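[1] any chance you can model this:
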Amino acid sequence: MPQPRLFLVYEPEKACLDRLVDQGYPQERAAEISSYLAQSTDLAPEFADIWREAGKRGITFTPLELDEAAATITSADPDTSLVWTLTDGIAYFRGGTAPALARLAGLRTLGADDSLFALCQDKFRSGAVLSALGLPVPQAGLARNGHWLVEPPASERGWFVKPNRLGAKIGIWPDSHCHDLDHALELSRRVSSHYRDDVVVQPYVAGRNVRASFLDMTAHADMSSLGVFLVESGADFQTMADSLALYGDTGAEAKSTGFYVEPELVPLAATQPLADAEIRRVAARLVTGLGLRDVFSMDLRVKADGTIHLIEFEVCPGLPCFDFRAYCRAQWSMSLAEAMAETAARRLVG
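    Sure thing, here's the model as predicted:
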């Protein structure tokens with residue numbers, strides 16, 4: 001019988017950049033957009049470590065570039081194969097096709113089904129679904145190139161403006177938190193010009209940034225295994241410039257020169273245990289009501305009084321990012337390579 005095999009499907013940063021340039025994006029804009037795939041760049045040097053850890057557990061690790069995935073996945077053995085999608089996307093990125101290809105071929109997948117890969121990449125639609133589930137998400141308007149498609153609700157603290165489908169970050173420029181709706185429409189024109197995207201316009205939510213990460217390494221973990229951390233970066237929200245300084249080649253250069261320091265992660269339960277418990281309840285609701293499983297993350301804002309706001313969820317969290325690595329060490333006492341291999345082995349060999 002063939003040895004069980006883990007396929008890790010990823011879209012390379014360079015392939016995305018070249019495609020965007022071919023579609024007419026200026027080089028600078030294409031580089032900014034493709035930077036959201038830097039996790040595939042950051043993880044590639046560790047493929048050998050993952051392969052070694054997988055081998056210790058009786059499985060074969062096969063990293064697979066997205067453009068090669070269709071032919072390889074559709075010819076794989078459904079009884080011995082598992083597909084883990086590293087990079088998602090439905091607009092600028094194409095990784096959301098990987099779980100659909102796996103389903104077409106009858107292969108098992110690690111992570112949510114392909115419908116959620118599409119939903120979480122559209123912030124306006126996902127917010128509507130999360131609201132229908134009774135979860136604490138900010139209401140939102142939607143604007144396209146200076147025109148309202150849906151007007152946002154009133155807000156005494158101003159509004160937050162972010163692209164609707166570009167990556168998973170919560171802001172692009174320092175003025176993404178604006179104080180009048182004319183400015184919000186101007187930002188929508190800027191986003192349309194730079195990235196060809198609509199914008200979500202939400203009432204600004206005060207508070208501290210929280211990242212919740214989950215990896216079901218044992219195949220039967222519950223929300224007690226969720227890692228909930230305050231992200232102390234010294235900034236109110238992450239901009240495109242902050243993102244570029246964290247990951248990929250640009251991030252490596254920034255860290256080597258001392259330009260950027262990784263945010264500090266502090267367990268939320270240490271200071272706000274009730275908010276921590278509420279976040280775990282929300283995560284459980286996402287599992288039962290939405291179908292999240294195996295691996296996901298959430299971005300939230302937590303106020304001083306413990307009130308939480310769910311900003312967005314990800315079915316394809318940045319595995320090699322500092323926060324997910326820290327979660328693997330804190331929750332599972334494993335390196336990222338060990339945690340990935342163990343998670344796959346529990347599904348493939350029991």
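[2] report the rounded mean pLDDT for stretch 285-297.
    The predicted model gives stretch 285-297 an average pLDDT of 97.
[3] now do the domain split for the protein, please.
    5-119, 139-203, 208-348 (automatic domain parsing).
[4] now do the strands in the stretch 201-350 of the chain.
    Using DSSP state E, counting those that start in this stretch, the strands of the stretch 201-350 of the chain run over 208-215, 227-232, 264-267, 295-302, 308-314.
[5] excluding chain neighbours, what is closest to S188?
    Spatial nearest neighbour of S188, excluding adjacent residues (C-beta to C-beta, 6 or more residues apart in numbering): A143 at 3.9 Å. Every residue, glycine included, has its C-beta placed from N, CA and C.
[6] sorry, slip of the keys, the one I care about is A31.
    Of all residues not flanking A31 in the chain, L17 sits nearest, at 6.1 Å (C-beta to C-beta, 6+ apart).
[7] and the one you found, backbone torsions?
    Main-chain dihedrals, L17, degrees, to the nearest 10: phi -60, psi -50.
[8] could you pull up the residues touching the residue nearest to S188?
    149, 184-185, 188, 198-199, 201 (C-beta atoms under 8 Å, 6 or more residues apart in numbering).
[9] confirm that it sits in a strand.
    Yes: looking at A143 with DSSP: H, G, I helix; E, B strand; the rest coil, it is inside a strand.
[10] okay, the domains of the chain in CSV with distance to S126 next?
    Formatted as CSV, the domains of the chain follow (distance: least, C-beta to C-beta, whole Å):
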stretch, distance to S126
domain 5-119, 5
domain 139-203, 10
domain 208-348, 7
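[11] quick one, which of those is nearest to L133?
    Of all those, domain 208-348 sits nearest to L133, with 4.7 Å by C-beta to C-beta.
[12] let me see the ranges of the helices in the stretch 251-350 of the chain.
    For the stretch 251-350 of the chain, the helices defined by DSSP state H, counting those that start in this stretch occupy 273-290, 322-332, 336-348.
[13] mean neighbour count, the ones you listed: which tops it?
    Most buried of the helices of the stretch 251-350 of the chain by mean neighbour count (mean count of other C-beta atoms under 10 Å) is helix 336-348; its value is a mean of 22.
[14] C316 and L116, how far apart?
    Using C-beta to C-beta, to the nearest Å, C316 is found at 10 Å from L116.
[15] same for whichever strand or helix holds D182, what does it pack against?
    Using DSSP states H and E, D182 maps to helix 181-195. Helices and strands touching helix 181-195, by 3 or more C-beta pairs under 8 Å, 6 or more residues apart in numbering; DSSP states H and E, are helix 27-34, strand 141-144, strand 147-150, strand 159-163, strand 199-203.
[16] ok and that helix relative to helix 27-34, angle-wise?
    Angle, helix 181-195 to helix 27-34, by axes from the mean of the first three to the mean of the last three C-alpha atoms, to 10 degrees: 100 degrees.
[17] looking at the strands of the stretch 201-350 of the chain, spot the one closest to E46.
    Nearest of the strands of the stretch 201-350 of the chain to E46, taken as C-beta to C-beta: strand 208-215 at 15.9 Å.
[18] quick one: strands adjacent to that closest one?
    Its sheet considered, strand 208-215 pairs with strand 227-232 (antiparallel), strand 295-302 (antiparallel) by DSSP bridges.
[19] now do the residue lying closest to F229 once chain neighbours are set aside: how many residues are near it, please.
    Spatial nearest neighbour of F229, chain neighbours left out: L265 (4.2 Å); criterion: C-beta to C-beta, 6+ apart. Counted with other C-beta atoms under 10 Å, the neighbours of L265 add up to 18.
[20] contacting residues for L265?
    Contacts of L265 (C-beta under 8 Å, 6+ apart): 211, 229-232, 322-323, 326.
[21] rewinding a little: I figured the residue nearest to A31 hits A30, correct?
    Yes: with contact defined as C-beta atoms under 8 Å, L17 counts as touching A30 (5.1 Å).
[22] let me know the angle separating the helix holding D182 from strand 159-163.
    Using the same axes, to 10 degrees: helix 181-195 against strand 159-163 is 10 degrees.
[23] what sits up against helix 181-195?
    29, 32-33, 143-148, 152, 159, 161, 163, 166, 172-173, 175-176, 178, 197-199, 201.
[24] got phi/psi on V9?
    phi -90, psi 130.
[25] what about it, how many neighbours?
    By the criterion of other C-beta under 10 Å, V9 has 26 neighbours.
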